[in-house]
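Enquirer: sequence-free structure coming up:
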């Protein structure tokens with residue numbers, strides 16, 4: 001949670017803390033190697049029970065697309081269920097923190113929640129007309145259809161990488177996603193990296209939702225706030241979302257992932273430090289050196305997106321096109337300590353295996 005002490009700073013940089021996602025108020029408008037096509041993802045066997053495909057709405061955006069229930073991110077955003085919470089906002093610029101949206105377990109069910117902001121000017125009769133107007137405009141902007149849909153696209157991206165197995169237990173589809181990215185065999189450091197990559201995934205999915213809207217309506221103004229970089233690149237001719245040239249498409253995909261990553265490292269990663277460390281302590285299962293490391297499989301799941309009518313793998317990390325994200329110092333220290341502790345508890349009894357396990361962990365540390 002990141003707080004600021006005055007109006008200008010609050011509007012330009014307050015952290016929004018929410019479940020598995022932090023959505024920053026910087027979204028507010030008040031500011032003074034080419035990837036090969038993965039055909040396996042497109043080949044789906046006939047469902048055991050065709051009616052189960054419809055249940056994927058509200059379970060996983062990626063699976064709903066694979067089984068032909070939706071054709072785009074926009075389709076899912078328009079159809080998938082979510083809950084709405086209301087937060088009164090009375091201009092407490094020093095202390096109030098708003099959750100615009102989040103994905104968390106509520107009453108035993110993993111749920112996407114969207115926040116409706118109620119401009120509470122009645123409780124501050126002494127406030128100036130200017131401040132009251134700013135409060136109302138702030139609420140109007142964040143309650144707008146475009147912002148709400150973008151937040152939903154962000155949160156539904158988290159749902160696809162961490163689906164609710166209780167909801168999905170009655171969906172009889174042979175290729176349905178059955179693992180959360182947080183269940184893969186990974187070191188503590190890799191687990192923290194996945195937490196951060198998953199947050200960048202949400203931001204990328206929000207961008208791709210806006211990209212779909214631009215291609216449908218032709219208004220570049222849709223790329224506002226944290227996504228204004230795409231609008232600038234679009235207007236300068238650096239990217240062309242209508243291009244059919246494979247190299248230009250690959251370049252645009254790399255541009256999207258790289259730009260979000262640079263922005264995240266520059267402006268957001270520190271706000272997620274507590275969330276990442278807390279989730280590590282609550283959910284990470286000690287890395288088993290006797291089994292394959294599955295970090296890159298998790299990355300593939302994180303960076304699978306719906307793009308112009310197909311599923312694409314935009315994992316530019318495993319192939320070396322982008323360098324690995326760098327954790328904060330606190331994240332790294334906590335992860336390193338947990339890896340050392342875990343390795344001492346689960347080292348195999350065979351001396352040769354002990355040596356190989358220790359060497360593996362040493363190499364992972366040197367890769368930082």
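Expert: Structure's in. What do you need? Worth saying up front: this structure is predicted, and the values here are computed from it rather than measured. Numbers count the residues shown, from 1 in each chain.
Enquirer: can you give me the helices for the chain?
Expert: Secondary structure of the chain (DSSP state H): helices at 7-13, 61-66, 73-79, 129-142, 145-161, 165-168, 188-217, 228-236, 246-263, 273-283, 295-302, 329-346, 351-366.
Enquirer: and these, which is most packed in?
Expert: helix 61-66 (a mean of 25; mean count of other CB atoms under 10 Å). From N, CA and C alone the C-beta is placed, and that goes for glycine too.
Enquirer: still on that earlier bit, right, so of the helices of the chain, which gets closest to residue 90?
Expert: For residue 90, the closest of the helices of the chain is helix 129-142, at 7.0 Å, according to CB to CB.
Enquirer: just how off-centre is stretch 272-286 within its chain?
Expert: Centroid separation between stretch 272-286 and its chain, computed with CA atoms, centre = their mean, to the nearest Å, is 16 Å.
Enquirer: Report the separation between residue 239 and residue 305.
Expert: With distances taken as CB to CB, to the nearest Å, residue 239 is found 16 Å from residue 305.
Enquirer: Could you find the closest non-adjacent residue to residue 91?
Expert: Of all residues beyond its chain neighbours, the one nearest residue 91 is residue 135 (4.8 Å), with distances taken as CB to CB, 6 or more residues apart in numbering.
Enquirer: residues touching that neighbour, list them.
Expert: The contact partners of residue 135, taken as CB atoms under 8 Å, 6 or more residues apart in numbering, are 89-91, 119-121, 127.
Enquirer: So among those, which ones count as buried?
Expert: Buried subset of these (neighbour count, 16 or more other CB atoms under 10 Å): 89-91, 119, 121.
Enquirer: Throw those residues into TSV and include distance to residue 250 and pLDDT, thanks.
Expert: Below are the buried ones among the contacts of residue 135 laid out as TSV (distance: CB to CB, whole Å; pLDDT from 0 to 100):
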residue	distance to residue 250	pLDDT
89	42	91
90	48	89
91	46	85
119	44	94
121	50	90
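Enquirer: Just the closest of the residues you listed to residue 344, please.
Expert: residue 89 (48.8 Å).
Enquirer: so who does the closest residue to the closest one other than its chain neighbours touch?
Expert: Spatial nearest neighbour of residue 89, chain neighbours left out: residue 117 (5.1 Å); criterion: CB to CB, 6+ apart. Applying CB under 8 Å, 6+ apart, we find residue 117 in contact with 86-87, 89, 98, 138-139, 142-143.
Enquirer: Quickly list what residue 117 is bridged to.
Expert: Beta-bridge pairing of residue 117, defined through DSSP bridges, involves residue 87.
Enquirer: ok, now how distant is it from residue 305?
Expert: 29 Å.
Enquirer: Great, nothing more from me.
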